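Chemist: need a structure here:
(one chain, ligands or ions: 1)
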Amino acid sequence: MRRIVTALITALALPLTAAAPAHTAEPADAYADLLVKKVKGANVEEHLRAFQKIATAHGGNRAAGTTGYDASRDYVADKLRRAGYKVTLDPVQFVESWTENSPPALTETAPERRAYVPKQDFFAFEPSPAGDVTAQVQGVDLTLPPAATPSSTSGCEASDFDGFVAGRIALVQRGTCAFSQKVRNAGAAGAAAIIVFNEGQKGRTEAEQLDIGEWRAGIPMVYADYAVGERLAGTEDATVRLTVDSTVAIGTDHNVIAETRTGDPGNVVMLGAHLDSVPAGPGINDNGSGSAAILEVAEEMARFPVKNRVRFAFWAAEELGLLGSDQYVASLPRTERDRIRLYLNFDMVASPNFAYKLYDGDDSDDTGASAGPPGSAQIEEQFETFFGSRDLPTVGTDFDGRSDYGPFIAVGIPAGGIFTGAEGSKTAEEAKLFGGTAGSAYDACYHQACDTIRNVNGTALDVNADAIADSAARFAFDLSSIPRRATPAHGGGG
Ligand SMILES: [Zn+2]
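Modeler: Modelled structure (predicted):
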């Protein structure tokens, strides 16, 4: 193996002998040096200007479901095809519109009859599918009376539904995880409908209209106040009729997926960035920056054979709830998932008031979410080493689930990446480390019309493009730091 790789590195270094470093003992080191040299901030900026042009020509944005998104998709796919990649357009569904045709209805039909008041006692979750279900209610891991502080994990774990009788209506309490996760778990357990009720602490008792961005469970879903939940949970064999009368219009966008033609398909190194903006603006920092940076890395990488297969993803509909990455991961058969050794995410890498933040793979910051899957710490370390080699400081950023790495770590794929900050404020300590303005947002134009070509820090963009190139190149040749999760069906290659 080593011999083949060494020969290959010698071959690819040939045209660059003059520029090549003296020590080329390790192929990963040599390739990283080479790729970092080839990747240019100016090329990344050219892609950013193209995204700005696209937004300007399409009503000022590149959001899911718009011609601005389609034009961004076509631009990226075209560049990748010209570079020699095998490019796939991977369909992604999203909710184009949701219409409530008439108010929802929730009526206890047994043991007693009692009708609850729509838009007061309960609301249909947006975008609930239509449905008319009469069934027994079954509580799912409820904490009644509620704990002193919000902490219910009702419906957050698939195992909460052990013993759930398919065809019943799941009664679930608010708390800990996203409503969408509770709904998905209920759907997977065969629930005919779901009633989520507010958790019950002070300030957490009323129902309200909420958009949870989830509809794929295909079941009607409502959000009820605490009193409804308490009553239904306390009534033995309560049966209810639940009606949601709505129309969900589904649209389709595409992830752009590109893969190197070389490298072991049993060992896939994956890089991703979301390509959609919010409707409010052109989305040049969020996330033209990450898209443009990995596009430039992909174009330069295409010139040389790699040992491991490298796959680039430009995600659709991230701003609508990570839909592109979520549907992609969900669609992969287990064996395909197991081949993805790691996932690197780049979402906002040129914030005007930037900090170099690395996803906290080892949870060394001890805040928020716990550590990423095994291997995530090593990914963070590799980025740290790169920044360290340039005498640049880094800080951690929590795996808070706000970008496309979420679906990957949820299935155990180690992840990492760089983030330069969004609407949060730069701390005094960060201003000392990185310069810029303490107490101001990292990106004051976050999700606004002013996230234009003027809303990027060129230095951060250039450094991060190099950091991406460095890590991509190293993992393209050496995955020894990343633990293997399962044996792929067949390996081969390098
Ligand atoms: Zn973003």
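
Chemist: ok, what's across the strand from the nearest residue to D360 once chain neighbours are set aside?
Modeler: When the adjacent residues along the chain are set aside, D360 lies closest to G396, with 3.8 Å between them (CB to CB, 6 or more residues apart in numbering). Backbone N, C-alpha and C define where each C-beta goes, glycine included. Beta-bridge partners of G396, counted by DSSP bridges, are L358.

Chemist: Quick check, G396 in contact with S364.
Modeler: Yes: if you go by CB atoms under 8 Å, G396 and S364 touch, sitting 6.4 Å apart.

Chemist: So if I had to pick from those two, which one is more boxed in?
Modeler: Neighbour count, other CB atoms under 10 Å: between G396 and S364, G396 has more, with 19 against 11.

Chemist: any idea how far the more buried one lies from the ion?
Modeler: To the ion, G396 is 19 Å away according to CB to the ion, to the nearest Å.

Chemist: what sits against that residue?
Modeler: G396 makes contact with 357-360, 364-365, 380, according to CB atoms under 8 Å, 6 or more residues apart in numbering.

Chemist: biggest separation within those residues, which pair?
Modeler: For these, the farthest-apart pair by CB to CB is K357 and S364; their separation is 13.0 Å.

Chemist: which residues pair with D211 across the strands?
Modeler: According to DSSP bridges, beta-bridge pairing links D211 with E126.

Chemist: What is the neighbour count of it?
Modeler: Neighbours of D211 under the rule other CB under 10 Å: 13.

Chemist: Any idea what T134 is bridged to?
Modeler: Beta-bridge partners, per DSSP bridges, of T134: R241.

Chemist: Excluding covalently adjacent residues, which one is nearest to the spatially most central residue of the chain?
Modeler: Residue closest to the average C-alpha location in the chain (CA atoms, centre = their mean): D404, at 1.3 Å. In space, and not counting its chain neighbours, D404 is closest to S325: 3.7 Å by CB to CB, 6+ apart.

Chemist: and the one you found, helix, strand or coil?
Modeler: helix (DSSP: H, G, I helix; E, B strand; the rest coil).

Chemist: and the gap between it and E429?
Modeler: 32 Å (CB to CB, to the nearest Å).

Chemist: what's the answer for L323, then?
Modeler: 36 Å.

Chemist: Please apply the same query to G139.
Modeler: Applying CB to CB, the value for G139 to E429 is 46 Å.

Chemist: So for the two, which residue has more residues nearby?
Modeler: Using other CB under 10 Å as the criterion, G139 and E429 rank with G139 on top: 18 against 11.

Chemist: which residues does the one residue in the stretch 101-250 of the chain that gets nearest to the ion contact?
Modeler: The nearest approach of the stretch 101-250 of the chain to the ion comes at G213, 15.0 Å away (CB to the ion). Going by CB under 8 Å, 6+ apart, G213 touches 95, 127, 180, 320-321, 323.

Chemist: ok, and the most crowded of those?
Modeler: Within the contacts of G213, most neighbours by other CB under 10 Å means L323, with 27 neighbours.

Chemist: Identify the residue spatially nearest to that residue, adjacent ones excluded.
Modeler: According to CB to CB, 6+ apart, the nearest residue to L323 is A317 (3.8 Å).

Chemist: is it true that the one you found touches S277?
Modeler: No: contact criterion CB under 8 Å: A317 and S277 do not qualify, at 11.0 Å.

Chemist: P118 touches A105, doesn't it?
Modeler: Yes: the criterion here is CB under 8 Å, and P118 meets it with A105 at 6.5 Å.

Chemist: Render the CA-only coordinates of the longest helix along the chain in CSV, please.
Modeler: Secondary structure of the chain per DSSP state H: the longest helix is helix 458-477. In CSV, the C-alpha atoms belonging to helix 458-477 read as follows (Å, rounded to 0.1, in the frame of the first residue of the first chain):
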residue,chain,number,x,y,z
GLY,A,458,-11.1,38.0,2.9
THR,A,459,-8.5,36.9,5.3
ALA,A,460,-10.8,34.5,7.1
LEU,A,461,-12.0,33.2,3.7
ASP,A,462,-8.4,32.6,2.5
VAL,A,463,-7.1,31.0,5.7
ASN,A,464,-10.2,28.7,6.0
ALA,A,465,-10.0,27.6,2.3
ASP,A,466,-6.4,26.5,3.1
ALA,A,467,-7.5,24.8,6.3
ILE,A,468,-10.2,22.9,4.4
ALA,A,469,-7.7,21.9,1.7
ASP,A,470,-5.2,20.7,4.4
SER,A,471,-7.7,18.5,6.2
ALA,A,472,-9.3,17.2,3.0
ALA,A,473,-5.9,16.3,1.6
ARG,A,474,-4.7,14.6,4.8
PHE,A,475,-7.9,12.5,5.1
ALA,A,476,-7.8,11.7,1.4
PHE,A,477,-4.6,9.9,2.1
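
Chemist: How far does it sit from its chain's centre?
Modeler: The chain centre lies 20 Å from the centre of helix 458-477; the measure is CA atoms, centre = their mean, to the nearest Å.

Chemist: what helices or strands is that helix leaning on?
Modeler: Judged by 3 or more CB pairs under 8 Å, 6 or more residues apart in numbering; DSSP states H and E, helix 458-477 is in contact with helix 27-38, helix 41-57, strand 264-274, helix 290-301, strand 308-315, strand 340-346, helix 376-389, strand 415-419.

Chemist: which parts of it are buried?
Modeler: For helix 458-477, the neighbour count (16 or more other CB atoms under 10 Å) marks 460-477 as buried.

Chemist: Contacts only, for R309.
Modeler: 259-260, 262-269, 493.

Chemist: If any of these are buried, put those into a ChimeraX selection.
Modeler: This is the ChimeraX syntax for the buried subset of the contacts of R309, where burial follows 16+ other CB under 10 Å:
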select :259,260,262,263,264,265,266,267,268,269
